[in-house]
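*Asks:* I need the structure of the sequence given here:
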Amino acid sequence: QVQLVESGGGLVQAGGSLRLSCAASGRTFSTYAMGWFRQAPGKERNFVGYINRSGSSTGYADSVKGRFTISRDNAKNTVYLQMNSLQPEDTAVYYCAATKAYSNLVAQRNYDYWGQGTQVTVSS
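*Replies:* Got it, this is the predicted structure:
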């Protein structure tokens, strides 16, 4: 079992940056692909991006491509979400998730473990 804890959320002005972290428990972190998702108020939770086990491959939603970057440090059992050029529409609770799947990493149903989420608020 994997426990995930997100941190780094907060309030930032439009155009600013934040880096979210997701720390995983256990010794098997490197055997999981990791994903980031977000849920805005009154909306469904949506895919943001993923990173494969080694960190050599990433994928992003069109809405964040070019602004957000996912990375991971397997030695520290941590995955990161660097968010630049933040806009008010990026306001949401951000969740990290872990999966053993090798394909369709955009689908929430393929993720086995989820963190509790961290709030990101972007003011205009």
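*Asks:* and the gap between residue 53 and residue 4?
*Replies:* Using CB to CB, to the nearest Å, we find residue 53 at a distance of 15 Å from residue 4. From N, CA and C alone the C-beta is placed, and that goes for glycine too.
*Asks:* So between these two, which is more surrounded?
*Replies:* For the pair residue 53 and residue 4, the greater number of neighbours falls to residue 4 (22 against 16), based on other CB atoms under 10 Å.
*Asks:* Give me the phi and psi for the residue nearest to that one when sequence neighbours are not counted.
*Replies:* The shortest distance from residue 4 to any residue that is not its chain neighbour, by CB to CB, 6 or more residues apart in numbering, is 3.7 Å, and that residue is residue 115. Dihedral angles of residue 115 (phi, psi; degrees, to the nearest 10) stand at phi -80, psi 180.
*Asks:* What is the burial count for residue 115?
*Replies:* With neighbours defined by other CB under 10 Å, the count for residue 115 comes to 22.
*Asks:* Need the per-residue pLDDT for it.
*Replies:* At residue 115, the model reports a pLDDT of 98.
*Asks:* Now for it: which residues touch it?
*Replies:* Shown in contact with residue 115 (CB atoms under 8 Å, 6 or more residues apart in numbering): 4, 5, 6, 22, 95, 96, 97.
*Asks:* what do you get if the cut-off is 7 Å, keeping everything else the same?
*Replies:* Contact criterion CB atoms under 7 Å, 6 or more residues apart in numbering gives 4, 5, 6, 22, 95, 96 as the residues in contact with residue 115.
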